[in-house]
Structure formats: C-alpha cells, structure tokens
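Asker: got a sequence here, can you model it:
(chains A and B)
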Amino acid sequence: MHALLLAAASLAGYIGFACLALAMPRHWIEVSGRKTAPHRRWLRPCGFALLGIAYALCVHRDGASFGSVLGMILLSAAAGAVALTLAWRPRLLSLLTLSPHKDHTRP
Amino acid sequence: MERRFGKSMALLHTWTGVLLGALLFAIFWMGTLSVFDREIDRWMMPDTRLAASAPQSVRPALSLDRAARTAASIVPTDAAQWRFDLPTARMPVLRLSYPDQEGNALVRHIDPANYAPIPDQGTKGGTGFIFPFHYSLHLKWLDLGEWLVGLAAMAMLVLLVSGVIIHKKIFAQFFTFRPKMRLQRSDLDLHNLTGVLGLPFHFVIALSGLIIFIGVYFPQAHVGAYGSGAAAKAAYTAEARGTYKRPTADTPGALASLDAMAARATREWGGGRPFLVRVWHPGDANAYVEMRRSYAHDITMNLDQIYFDAHSGAVLHRFEAAPVMSAQRFISGLHFIQFEHWTLRWLYFLAGLTGCMMIATGLIFWIEARRARHASQGIKGAGIVEGLTTGGVTGIVIATLAFFAANRLLPLEASFAGQARATLEMWAFYLAWIACFFHAWRRSRAAWREQCRLISALALACVMLNVVTTGDHLLRTAASGMWAVAGMDAMLLVLALLSAWAARRLGSAETRSAVAGARRVPVATEPRP
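Answerer: Predicted structure coming up:
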C-alpha cells in the first residue's frame, strides 16, 4: 500500500508537470508535431490539480511533516524527469495530447 | 535602474560562484555522501557488517547491563564518561565511545548478539571523516573550517537568489534542456534546470545548515537575554538544551541496572525509546546516567532527556525543549535526516547530486564563456579556474575513491611514520586530491577525460577490492540482506559506468573538435549536396 501510494504520487507529479509543459507552445509543438499553439485549454488546470493530488497523496502516506518534505522533493524530481523526457524522448508525451503525432516537417 | 540592478546581480552571481564554487562543490559532495554515512561505515568497517538476520521484534531485547559489563572492560577506569549509541536499522552494532587521556573520542563497536567487542577497524569511515568534512573541512584551527562552511552556505543563499533574479526566462525555460546543442548552451540549460528545480531543496539545505550552527555563527545570541560570562552561557545552555551536571564525590560507587532505567525512561516518554545512554563519572558515588529519546520516527530531533542517579536509579532531572528550540531542532532535522525513511534518504541523495551538478555546470559555463577570449588576450584566468574546477569536481571524487581504496588495501595493523591506520587513509584522500589539482593545471582540457577514466577505474577497483578482502560480492550481500554494502557497491558500479561513458563522450568530442579545427577551411568551402 505504501509503495503503491508512492508510485501514484510520483506518477501524478510526472503527468502533472507534463501537462504544464504541454501547455507551453514550444513543448506542445515539439510533442504533438502541430505548428498551431495549444488549443487544449484543460492542460494547465489539469497539471496544477495533479500536482496538488501528488502532494496530497504524500501527506496522506506519511503525515503532514514527512509528507510535505517528500512532496516537495518528489515534485522537483518529477519536473526533472519531464525535462529529461522532453530532451530525449519527447514523443512519449504525445499520449497526453490526445491526438496522434503529426510530423509537421513533412508535406 | 532595473538594468543596473540586473547587471550588479549578474556580477555578484558570477564572482561569488567562481570564488567559492570549488569549496561549495566539496561541501555538497561530502554532504551528499553523508546521507549514507552509516552505510559507508559498514563498507569501510567489515567486522560491523552484521546482517539483520532476524527482524527487530524476534531478536532478544538488547541488555544494556550486559553491554555495560563489556564497556567496563574497555573504558579506562578514570574516564570522565562513556556513551552507548544503541543499534538501529542503519547501524546493526552497539557503538561505544569514550575519551582517552588527551580527551580525544575513541570509538569501539560491540556485537549486540553476544556482547563481544568488535576489533578496532582502524578507520574514521563515513561518520568520522566524510560527515565532519561536510561541516568543518577538518580545519580545527580557530574553527576556521566551520566559518568557511558558514561563508559558503551564506554564499549559496546569495547565489540562489541572484541566480533567480538574473535568469530571464525562468518560466519559459522551466523544462528546457537541449543536450544536443553546443556545450555552452547545453551546460547553461543544465545549470538552470538543476538550479530552478532544486531551488526549494538547495535553499532549505543551505539555510538549515546555517541555523544548525547558530551557536558558532552567533556566539553572542544569548547575551541579550542571559547576560555575558561563563555562568550566563551555562544557564542558557541548560535552559535551551537541557544539560544536567553534578560533580564527583570521589568515593567509589556502583552502577544500578541500566535496563531498569531504560524501561523507566520508555514509560516516562509514553513508549519513546532511548537511543543514547551515557554514564557520567563512572565508578564514582555521584555517578549519573543520561538517556536521550530516539527521533528515528520524527523530523524534529527532540531534546527529550532523563537523568538518573547511577546508584539508586532515581530520576534526577527531566528535560523537554521549549517551542523555539523545538523549531530549531525541526529545521536541524530537515538537514540531518536522522529519521528512518528510505524514500526520502534516496531523494536527498539525488537532490544533493543535482546540487553538485548545478555547481559544476556553473563553473564550466564561466570557463567556456571566457576560454577563447582569455586565450587570444593571453589572460590565464580561464586556465586557472578550469584547473580549480577539474580538481574540485572530478578531483574530489578521485580523492574519495582513493580513501575507500586505501581502506581496503591497508592491513588492519598498518602504521607509517608514527601515524595510525585511520590517519593514513586520510592522507590517501588529501594526497590524491592535491595530485588531481596539479594534473588538472598541467593537462587543462584533457584532464577532464583523464580524470573521468581514473574515476571509472578506481570505482571498479574499490568493488573488486571489497570482494577480495572481505569476500562480500554484490550477489552475496544482496541475497543476505546486507543492503548497506550492496548499495555502496552498486553505487560504485554506477559511478564507474557513468564516468567511463563521460570519458568516451569527452574523448570523441575532443577528436571531433580537433578534426574540425584542422579541416575548418575546406569544410566551409565544400559544396553542400
């Protein structure tokens, strides 16, 4: 149960930051392959909500003091993981755009 | 106005970073290793690698009275005090420490299964060398080391704040890392990324580091409320930290049951157990016993303590810290991570490594931004800082590995030029470190690759030496639950792989830039397909 909660918190943090990244035009274009600016308006609120959920899961798992410390560092690590994904495997995040990747460099 | 402010912040960031970068890296590196200081102890002290064969609840309860009989056979009769640190999940042995004639603390370990003393391991290990290096640099003269570390922590706060101010695209580049761009760009990306994402951790760590040493950095803090002089200082200490003292009676006395006292303490603390037991004036009629409550399951390092009369077992004094002190102990606890929480421990380790990356990439950016200009103008600046950076970054890693390797190579009875084995290990560290600086200044850019190769070889050698000298290879330690040793070996292997990969990348980058330099003119004029 403890390990499951930790995994859930990590995943929520990761997807949350991925949503926030995709809400930015540069990363949206990179991941979706579409030149248009993001039209998925839900990305930003969803991202912040998921970060909140990740933090809440940490507090639920470990209590207020340990949970807060865990939440803070876990979220930093999740943001780092998103940045590394965008650097090396940006297409992995195309699932979140809810549309297949379209390579805009080809006619 | 705003532009001038930005410029001055950039200047502050640049020069604080260059002047203190290597020192900051050393402190961060040692702090990161200190996260696993007790695990390093197990690796460096093979006789204390007692696998937790049975869970805590099944094992027979530790008898302090039996352990005290062992202590009595080790501690000299005229010692002013001796202390037990009770076994924990991270330290499977009972740790006995006592002062020698000159007042230096000596440490011996006792096997909690049979109460037999474990032979002296002849090493300071992680808790005795790496951890004190982190906060004092082992410079004891005038507390110089602690003041330098304080200066570095202050500088860290300045660097973090000025870094946020001069980072123009902090949100736009929140997730930006472009490893395929040229070095200067990708390096700055990595510096920004580790700096911004690690900001909460780095800020809290630097600030709490300063708050821990409030007594050193603000030695006059108590004067306003307590007045000056030794008596005022003692009153402050007693009220803030709960010290209890009484003089010797100079007549012999006996020690009552420590187990009974520990049971009483556990009752008084509502189930909280002691982690430290100290006997003051052992053998004297006025002897007394100090017990401190464990904080293994709390962030706050509580100061709860109970003092017993050693002869009758009666409670002499009880202390619990006031709220302000508890706040200080909470902040200290965030930094010391003495609690049992493996996820957080690994995350602290990771966050510490990102701190190391932030410092190293900052220094590299400074060098890369100036290398060409300094070379054309004949200024030595970039070369000097590069040597300082290579020696400070890869050099301290090599020195640490030399320390580990010396630990496995020196025989238990080794001594040289009147120096004990533990001192020789430290010599290995310092000599290797100095050599790395000289190598870095001589070889300039090539030193990165060569030192990375050496790291790889040394890390691998440490793992092999551990197998050869103790027979504990990774499969065996992992299978038998010796996680401290298994983890240390695994991390050494990861380090060996990463630095071998880095050396290869550096090598191919050098060949590429050399080839590009030689063929620059033809390449530029070649017709493009």
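Asker: chain A contacts on the stretch 351-500 of chain B?
Answerer: Residues of the stretch 351-500 of chain B found near chain A (C-beta under 8 Å from any C-beta of the partner chain) are B:351, B:354. In this view, the C-beta of every residue, glycine as well, is placed from N, C-alpha and C.
Asker: in the stretch 351-500 of chain B, which spans are strands?
Answerer: Counting by DSSP state E, counting those that start in this stretch, the stretch 351-500 of chain B has no strands at all.
Asker: repeat that for chain A.
Answerer: In chain A, no strands are found when defined by DSSP state E.
Asker: quick one: the least confident helix or strand in it by mean pLDDT near chain B?
Answerer: Within chain A, no helix or strand scores below helix A:25-32, which has a mean of 87 by mean pLDDT, DSSP states H and E. Yes: judged by C-beta under 8 Å from any C-beta, helix A:25-32 and chain B are in contact via A:26-27.
Asker: could I get that helix in CSV with only the CA atoms?
Answerer: C-alpha atoms of helix A:25-32 as CSV (Å, rounded to 0.1, in the frame of the first residue of the first chain):
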residue,chain,number,x,y,z
PRO,A,25,3.6,26.4,-27.1
ARG,A,26,7.2,25.3,-27.6
HIS,A,27,6.8,21.9,-26.0
TRP,A,28,3.3,21.4,-27.5
ILE,A,29,4.7,21.8,-31.0
GLU,A,30,7.7,19.6,-30.2
VAL,A,31,5.5,16.8,-28.8
SER,A,32,2.3,17.0,-30.9
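Asker: now for it, which elements pack on it?
Answerer: helix A:2-22, helix A:43-88 (3 or more C-beta pairs under 8 Å, 6 or more residues apart in numbering or on different chains; DSSP states H and E).
Asker: now B:Ile306: which helix or strand?
Answerer: Per DSSP states H and E, B:Ile306 falls inside strand B:305-309.
Asker: B:Ser228 in helix, strand or coil?
Answerer: Recorded secondary structure, B:Ser228: coil (DSSP: H, G, I helix; E, B strand; the rest coil).
Asker: quick one: low-confidence ranges for chain B?
Answerer: For chain B, the stretches with pLDDT under 70 are B:1, B:51-60, B:515-529.
Asker: need the residues of it near chain A, please.
Answerer: B:172, B:174-179, B:193-194, B:197-198, B:200-201, B:298-300, B:330, B:334, B:339, B:341, B:343-344, B:347-348, B:350-351, B:354.
Asker: now residue 84, nearest residue through space, not along the chain?
Answerer: No chain was given, so I picked chain A. B:Phe177 (6.8 Å; C-beta to C-beta, 6 or more residues apart in numbering or on different chains).
Asker: that was the other one, I meant chain B.
Answerer: Using C-beta to C-beta, 6+ apart, the closest residue to B:Phe84 is B:Val277 (4.5 Å).
Asker: next one: B:Val93
Answerer: Using C-beta to C-beta, 6+ apart, the closest residue to B:Val93 is B:His109 (4.3 Å).
Asker: in the helix or strand harbouring the one you found, what's buried?
Answerer: Take DSSP H and E as the rule and B:His109 turns out to sit in strand B:105-110. By 16 or more other C-beta atoms under 10 Å in any protein chain shown, the buried positions in strand B:105-110 come out as B:107-110.
Asker: cool, and stretch B:344-353?
Answerer: Result for stretch B:344-353 [16+ other C-beta under 10 Å]: buried residues B:344-345, B:347-353.
Asker: partners of the residue nearest to B:Val93 in the sheet?
Answerer: Beta-bridge pairing of B:His109 under DSSP bridges involves B:Arg95, B:Ile118.
Asker: please report how far it lies from B:Ile74.
Answerer: For B:His109, the distance to B:Ile74 (C-beta to C-beta, to the nearest Å) stands at 11 Å.
Asker: list residues touching both of the two?
Answerer: Counting by C-beta atoms under 8 Å, 6 or more residues apart in numbering or on different chains, the common neighbours of B:His109 and B:Ile74 are B:96, B:117.
Asker: so where is chain A shaky, pLDDT-wise?
Answerer: A:37-39, A:100-107.
Asker: now, of the residues of chain B next to chain A, which are buried?
Answerer: The buried subset of these (16+ other C-beta under 10 Å) comprises B:174-177, B:193-194, B:197-198, B:201, B:298-300, B:330, B:334, B:339, B:341, B:343-344, B:347-348, B:350-351, B:354.
Asker: about what we covered before: quick one, the least confident helix or strand of chain A and helix A:43-88 angle?
Answerer: If you take axes from the mean of the first three to the mean of the last three C-alpha atoms, to 10 degrees, helix A:25-32 sits at 70 degrees to helix A:43-88.
Asker: what number of residues lie near residue 24?
Answerer: All of this is about chain A. A count of nearby residues for A:Met24, using other C-beta atoms under 10 Å in any protein chain shown, gives 20.
Asker: my bad, the chain I had in mind was chain B
Answerer: If we define neighbours as other C-beta under 10 Å, then B:Leu24 has 27 of them.
Asker: repeat that for B:Gly31.
Answerer: Neighbour tally, B:Gly31, other C-beta under 10 Å: 23.
Asker: give me the three-state assignment for it.
Answerer: Once three-state DSSP is applied, B:Gly31 turns out helix.
Asker: confirm B:Leu276 sits in a strand?
Answerer: Yes: the assignment for B:Leu276 is a strand, going by three-state DSSP.
Asker: nearest residue to the residue of the stretch 301-450 of chain B found nearest chain A in space, please, no chain neighbours.
Answerer: Going by C-beta to the nearest C-beta, chain A is nearest to B:Leu347 of the stretch 301-450 of chain B, at 4.4 Å. With C-beta to C-beta, 6+ apart as the criterion, B:Leu347 has its nearest non-adjacent residue at 4.4 Å, and that residue is A:Ile73.
Asker: that neighbour reaches B:Leu344, doesn't it?
Answerer: Yes: with contact defined as C-beta atoms under 8 Å, A:Ile73 counts as touching B:Leu344 (7.1 Å).
Asker: for residue 95, what are its contacts?
Answerer: Using chain A here. Shown in contact with A:Leu95 (C-beta under 8 Å, 6+ apart): no residues.
Asker: oops, chain B please
Answerer: With C-beta under 8 Å, 6+ apart, B:Arg95 has these contacts: B:84-85, B:107-110.
Asker: residues near residue 8, how many?
Answerer: With no chain named, the answer covers chain A. Applying other C-beta under 10 Å, we find 16 residues neighbouring A:Ala8.
Asker: I was after chain B.
Answerer: Neighbour tally, B:Ser8, other C-beta under 10 Å: 13.
Asker: which of the three states applies to it?
Answerer: B:Ser8 ends up helix, using three-state DSSP.
Asker: where's it relative to chain A, distance?
Answerer: Separation of B:Ser8 from chain A (C-beta to the nearest C-beta, to the nearest Å) stands at 29 Å.
Asker: then B:Arg49?
Answerer: Distance from B:Arg49 to chain A, by C-beta to the nearest C-beta: 27 Å.
Asker: go ahead and confirm that residue touches B:Trp483.
Answerer: No: look at B:Arg49 against B:Trp483 with C-beta under 8 Å: they stay out of range, at 10.6 Å.
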